[in-house]
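Need the 3D shape of this:
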Amino acid sequence: MSQRASLSTSAGRLWMESDGTSILRLGWWPADAAAAPEAIAADPLLTEGLGQLRAYFDGRLKRFDLPLPPPRSERGKVLRDAIAAIPFGETRSYGMVARLVGSGARAVGQACARNPLPIIIPCHRVTGAGGALGAYSAGEGVRTKKILLDLENIIL
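Numbering: from 1, shown residues only. Reported below is the predicted structural model:
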């Protein structure tokens, strides 16, 4: 049985879900939803995950170290690993990531759009060609992506 807990951040109110073995998902409370109270994590993995998120937003964490569920396919693993390998404070274009893994930019974009673990798997660091911001499917979209890039001192 999975559990959720939440945390207020500069990018909005986040919730994290764990099954006690892996961090399953990370998402945002809708901006127009009534403010939910900060949820206390009974699951030690959620406590650790929220602590790492807090450290990220405080500028003390540059890479997450949490158990994640395996991707559904080998191709998904390759794409997730390539996105996860983008260092804090840096970006890669959809095309650059695609070339690294022998794929197409569209497949990279789809992997980013379907990412159940935004921030942890930093799809916000994947940008359009020529330094264009590109899309973002989490939070409030491009506005949230910009907040996360600013947090990492990335200027596009």
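
For the chain, just list every one of the strands.
3-9, 12-18, 23-28, 92-93, 126-127 (DSSP state E).

tell me the most buried of the ones you listed?
Among those, ranked by average contacts under mean count of other Cβ atoms under 10 Å, first place goes to strand 126-127 (a mean of 25). (C-beta placed from N, C-alpha, C; glycine too.)

just checking, what packs against it?
strand 92-93, helix 94-101, helix 105-113 (3 or more Cβ pairs under 8 Å, 6 or more residues apart in numbering; DSSP states H and E).

can you give me the helices in the protein?
Assigned by DSSP state H, the helices in the chain fall at 44-57, 74-84, 94-101, 105-113, 142-151.

any chance of those in JSON lines, plus mean pLDDT and mean neighbour count?
Formatted as JSON lines, the helices of the chain follow (pLDDT from 0 to 100; neighbours: other Cβ atoms under 10 Å):
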{"stretch": "helix 44-57", "mean pLDDT": "96", "mean neighbour count": "18"}
{"stretch": "helix 74-84", "mean pLDDT": "96", "mean neighbour count": "16"}
{"stretch": "helix 94-101", "mean pLDDT": "97", "mean neighbour count": "18"}
{"stretch": "helix 105-113", "mean pLDDT": "96", "mean neighbour count": "18"}
{"stretch": "helix 142-151", "mean pLDDT": "97", "mean neighbour count": "18"}
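
Roughly how far does the most centrally placed residue in the chain sit from H124?
With distances taken as Cα atoms, centre = their mean, P118 lies nearest the centre of the chain, 1.7 Å away. Going from P118 to H124 by Cβ to Cβ, to the nearest Å gives 7 Å.

want to throw the strands of the chain into CSV with distance to I86 and mean pLDDT?
Formatted as CSV, the strands of the chain follow (distance: least, Cβ to Cβ, whole Å; pLDDT from 0 to 100):
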stretch, distance to I86, mean pLDDT
strand 3-9, 20, 91
strand 12-18, 20, 94
strand 23-28, 17, 96
strand 92-93, 5, 97
strand 126-127, 7, 98
